[in-house]
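1. When you get a sec, could you give me coordinates for this:
(3 chains)
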Amino acid sequence: MTDSSTGDLVRRTAVDLAAMITKGEATAVEVAQAHLDRIDAVDGRIHAFLHVDHQGALAAAAAVDAKRSAGESLGTLAGVPLALKDVFTTAGIPTTAGSKILEGWRPPYDAALVERLRAADIVILGKTNCDEFAMGSSTENSAYGPTHNPWDETRIPGGSGGGSSAALAAHFAPLAIGTDTGGSIRQPAAVTGTVGVKPTYGGVSRYGLIACASSLDQGGPCARNVLDAALLHEVIAGHDPRDATSIDQAVPAVVEAARRREIGGMRIGVVREFAGEGYEPGVLASVRAAIDVLTELGADVVEVSCPSFTYALPAYYLILPSEVSSNLARFDAMRFGLRVGDDGTHSAEEVMAMTRGAGFGPEVKRRIILGTYALSSGYFDAYYGQAQKVRTLIARDFAAAFDQVDVLVSPTTPTTAFPLGERADDPLAMYLADLCTIPANLAGNAAMSLPVGLSDGLPVGLQVMAPVLADDRIYRVAGALEQALDDRRGHALLEKAPTL
Amino acid sequence: MSPSTPDLVPYDEALSRYEPVLGLEVHVELSTASKMFCGCPTGFGAEPNTQVCPVCLGLPGALPVMNAEALDAVIRIGLALGCDIAPWCRFARKNYFYPDMPKNFQISQYDEPIAYGGSLDVMIDTDDGPQTFTVGIERAHMEEDTGKSLHVGGATGRIHGAQHSLVDYNRAGIPLIEIVTKPVPGLGKYVPELARAYVGELRDILRSLDVSDVRMEQGSLRCDVNVSIAPVGAAEWGKRTETKNVNSLRSVERAVRYEIGRQAAVLDAGGTVKQETRHWQEGSGTTAPGRSKEEAEDYRYFPEPDLVPIAPTPERVEELRGTLPELPRALRVRLLGEWQLSPLDMQALINAGAVDLVVATVAAGAPPADARKWWLGELARAANETGTELSALPVTPAQVARVVELVADGALNDKLARQVLEGVLAGEGEPDEIVAARGLAVVSDEGALGKAVDAAIAGNPDVAGKIRDGKIAAAGALVGAVMKATRGQADAARVRDLLLERLGPPE
Amino acid sequence: MPSITRDEVANLARLARIALTDEELDHLAPQLEVILEAVARVGEVAAEDIPPTSHALPITNVVRPDEVRAGLSQQAALSGAPEAEDGRFRVPRILEEEA
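-> Numbers count the residues shown, from 1 in each chain, chains lettered A, B, ... in the order given. Okay, the predicted model is just below:
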């Protein structure tokens, strides 16, 4: 980037950009163009995007500028560019969920979340890379090739939403959308030094979100700072009658909470079970230091035990594949997407199997077959049924913990970004990346990851978990902690990332 | 299958040695405005794939939301069948692949049906006169319909030999209620009649609840017939077959009868009945096995995560109970009194599927006796000839009531009235239009009628003489002559009056 | 200790309508074995007195009014179809009768 003003635009926060556009210091088109230029220049190395919608983004930005010229009121994030995980349907724009089976599919409808983004005049730059059908912790399961971590291009950007987190860290967009089924927003945020929030289950409509596991999936905001995440949270959250699991209650006051930057008297619980063996010392050290800061800020920090959390991972890897095996049955070559083997000699049944064999990657096949097994009549009680009981126990652990404390904290993930390829053919090792994030999905709680430090030059995330519908608490804690850490450091953590 | 008809044991012989057990699964399409889980319309016969959306097409990302009206309907159905309503229940996914099922799972209910444990009293003719049997209702639950496939390249849309198929998803997602009976043993030879009567009774109840069109010929009421037989006195029931695609009351009866004869032949030959799904072949009046699967289906049911549990409050259930109409059985008891019918008369109405039609005709102004006469006579004959249900005839109770009124007014006689109904059935319009268009009014011109009467007397002096001598019975011959001369368009009673006036009957 | 054979995996793949190559089967069976062994830990939790949880939140009775909403045009409905004919989705010949 030689143009300093353009270079400046891509490093600004969403709050700043929105203010500049509103005041006329920059047009939305200039802002969009600056981000598109950077994507065009740098994304060949990172591969955060599967599809960049130059035309649509510039048209949306021009519409914002026209609105402003006409004196119409603009939303709080009007004209701010956003990177959208490619698991949300976008009318007429390719939507793949990172899978070959959807290559070239252009949905005939927008997801509810996309409607909200458009209504808020947010500029969607394109669709970001992810593990196929959001199954993975490294984005290596994308049928379109992996995404690289902007901190170290030989390492994973987390997953499944590695494209969205990398887009933030690489300054392709100040805002992004992810989905979190077992940590797919939080773990990528942790390993890229960005902020990622899994709202309370039911807080953000799933209508138009291509399902991984319906009872766990939740769309959420990703950003480079807590306030930007809160502003985006407010745009995308709220009741949607098209999603029966959507909560019909007021959205928690997350923006106000993020701006409060004060946690005096809050009770914070440190999850005892999420430390020790398997956790990188550098990760634990950064987390410990952050917890010390919380104490200094006046919080009342105690250790809390959640014994059932150790069963979360096995329960998750039964519930998720079970739901996946059913949710992904619709990808059958009949109505949309890839069709293989329809040469006149094969039956519909054979074409379905051939298409699914050719169109799904190894991890998706693994989980579908695992889920098919777990739901089979002879095994249902021992696997799926038992996993649902664990789910109850985890919710009880949360309930007991939140009797004592306002929020729980833990490392977001046991390690920093691991090298690409390291766990690619070791599913169990890969699954461990979600060890700390899964309980919140099983119980429906709100949870966030925010950057708290570096370990060997790589970002470490702290997870903050709050009760169902108390999303504001995580923003309050994170807002205060982020400010304290930035003040001590003298700058945001992401400033330390390579400029690319 | 071999080209020769499979062996059948004659029905009576089969029943002399085997005891049948019956079970019935009825699928009812609700007549809600929109589909079960989305806002698409439910009308029958629209252009293909014009009543679809991301939800009922099963597109990635789409989510179902339950139709409030469908929930009310199933609770009312459950209550009408004497079921308990579950205080809390869930939907489940029934997983299996089939091209006309967009998601490759059906949203249904598994072990938590919304309604369970009811019963239905059904009356049938027996050797000892009309008798009532109680059929246990196992459950009634909610699910969604599938799309429809058209098989191209084979013989007349059949699946076998087809080169490819064309799928229309307009029907996919239409609300279905599945009503399942408990096994019904101990009916002996009355099994086919009971099966038919049960479906008919259920249909009448559903119609009275106004929850479905219940048109079997359009598939809005579909019946699967489960039959097993075991040697008389055997400790255990036999293996059952499930016969699908049974789409008229008559076929229900025939399918049961056929399966009993077929299974008896299998057992007689020392074979075993295969537990399988069979399909009713309307043309041949037989059942044929479906393509046998390599392994038993495992539907891998699990709670539908995209839909939240249903928990009707007791208050809501009672509120819905308050909306139940007079049910057919209660209605019939009342009619027996009001219309002064014998149980046999009533049974004739029930057997013909005519109760509701007669009630509606009476409501439209016709005397009960006249309404019964036309529905059980002329119209039943027409239904029989065309092989349709009475209710499927293209004639409304209001039209029948108008014909009855025209006869009562003397504008038509019975013979002309029959012609008017023929016209209605042929789609020629309303009764009055047909009377005008066909020129069917009774000859009421006294002058013309008088001349015809005079001509008849002059042409038959012998008969006229007998009448003059007091043999009134002979008048019929002269009435006939006049009717012939007027091509039937005279009022026979008036002709008789005119004849007797002229021939001076003794007072 | 759970165990899953190559044949079982092949059966499951058939049930799930996924054509697998021999190499995939060779690879998948031992992987699934390891995963199943790990997830079988859920059996360690006490059973009888714990109700299962299928939904994260205890929401019930979410319904929508029985109102017709605009859906897709025939053209939009068929827009993603691999093949269409006469306003319908064209699919290869279907072997089995509906279940």
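
2. Of all the residues in the helix or strand containing residue A:114, which ones are buried?
-> Residue A:114 is located in helix A:112-119, with elements delineated by DSSP states H and E. Residues of helix A:112-119 classed as buried: A:112, A:113, A:114, A:115, A:116, A:117, A:118 (neighbour count, 16 or more other Cβ atoms under 10 Å in any protein chain shown). Where C-beta positions appear, they are placed from N, C-alpha and C, glycine not excepted.

3. Run through chain C and note the low-pLDDT ranges.
-> Within chain C, the ranges that satisfy pLDDT under 70 run C:1-2, C:46, C:96-99.

4. how about a cut-off of 90?
-> Within chain C, the ranges that satisfy pLDDT under 90 run C:1-4, C:45-49, C:94-99.

5. can you map out the helices along it?
-> Per DSSP state H, chain C has helices spanning C:6-15, C:22-39, C:74-78. These are given in chain order.

6. May I see these arranged in CSV, with distance to chain B as well?
-> Below are those laid out as CSV (distance: least, Cβ to the nearest Cβ, whole Å):
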stretch, distance to chain B
helix C:6-15, 7
helix C:22-39, 16
helix C:74-78, 5
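
7. Which single one of the buried residues of helix A:112-119 is nearest to chain B?
-> Checking the buried residues of helix A:112-119 against chain B by Cβ to the nearest Cβ gives residue A:112 as the nearest, at 9.1 Å.

8. And the pLDDT at the closest one?
-> Residue A:112 is assigned 98 on the pLDDT scale.

9. Quick check: the gap between it and residue A:456.
-> In this structure, residue A:112 and residue A:456 are separated by 41 Å, where distance is defined by Cβ to Cβ, to the nearest Å.

10. for the helices of chain C, which one ends up most surrounded?
-> The highest average neighbour count among those, using mean count of other Cβ atoms under 10 Å in any protein chain shown, belongs to helix C:74-78 at a mean of 20.

11. still on that earlier bit, can you put the helices of chain C in JSON lines and add distance to residue B:231?
-> Formatted as JSON lines, the entries for the helices of chain C read as follows, by distance: least, Cβ to Cβ, whole Å:
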{"stretch": "helix C:6-15", "distance to residue B:231": "37"}
{"stretch": "helix C:22-39", "distance to residue B:231": "46"}
{"stretch": "helix C:74-78", "distance to residue B:231": "54"}
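
12. related to what we said a few turns ago, from the buried residues of helix A:112-119, which two are the most distant?
-> Within the buried residues of helix A:112-119, A:112 and A:118 form the most distant pair, 10.9 Å apart (Cβ to Cβ).

13. who does the strand of greatest length in chain C pair up with?
-> Under DSSP state E, the strand in chain C containing the largest number of residues is strand C:88-92. According to DSSP bridges, strand C:88-92 forms sheet pairs with strand B:164-168 (antiparallel), strand C:84-85 (antiparallel).

14. Buried residues in it, which are they?
-> Counting neighbours by 16+ other Cβ under 10 Å, one finds that the buried residues in strand C:88-92 are C:88, C:89, C:90, C:91, C:92.

15. Sketch out the low-pLDDT regions of the stretch 51-200 of chain B for me.
-> For the stretch 51-200 of chain B, counting by pLDDT under 90, the residues that fall below are B:123, B:125, B:129-130, B:151-163, B:186.

16. Next one: residue A:31 from chain B, what distance?
-> Computed with Cβ to the nearest Cβ, to the nearest Å, the distance linking residue A:31 and chain B is 29 Å.

17. Just confirm that residue is within a strand.
-> No. Counting by DSSP: H, G, I helix; E, B strand; the rest coil, one finds residue A:31 to be helix, located in no strand.

18. ok, it - contacts?
-> The neighbourhood of residue A:31, defined by Cβ atoms under 8 Å, 6 or more residues apart in numbering or on different chains, consists of A:9, A:17, A:20, A:21, A:61, A:79, A:80, A:81, A:123.

19. again, only this time at 7 Å
-> With contact taken as Cβ atoms under 7 Å, 6 or more residues apart in numbering or on different chains, residue A:31 is in contact with A:9, A:17, A:21, A:61, A:79, A:81.

20. Kindly report the same for residue B:218.
-> Residue B:218 makes contact with residue B:44, according to Cβ under 7 Å, 6+ apart.

21. Tell me how far it lies from residue B:149.
-> Taking Cβ to Cβ as the measure, residue B:218 and residue B:149 are separated by 17 Å.

22. State the helix or strand in which the closest residue to residue A:217 other than its chain neighbours lies.
-> Of all residues beyond its chain neighbours, the one nearest residue A:217 is residue A:181 (5.0 Å), with distances taken as Cβ to Cβ, 6 or more residues apart in numbering or on different chains. Residue A:181 belongs to no helix or strand when elements are defined using DSSP H and E.

23. Would you mind listing what in the stretch 301-450 of chain A touches chain B?
-> Taking Cβ under 7 Å from any Cβ of the partner chain as the criterion, the neighbours of chain B within the stretch 301-450 of chain A are A:322-323, A:326, A:329-330, A:332, A:334-336, A:348, A:352, A:372, A:375-377, A:384.

24. Please repeat the previous calculation with a cut-off of 6 Å.
-> Residues of the stretch 301-450 of chain A found near chain B, taking Cβ under 6 Å from any Cβ of the partner chain as the criterion, are A:323, A:326, A:329, A:330, A:332, A:334, A:348, A:375, A:376, A:377.

25. Let's see the ChimeraX selection covering just the buried ones among these.
-> Buried residues within these, as defined by 16+ other Cβ under 10 Å, are selected in ChimeraX through the command that follows:
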select /A:323,326,329,330,332,334,348,375,376
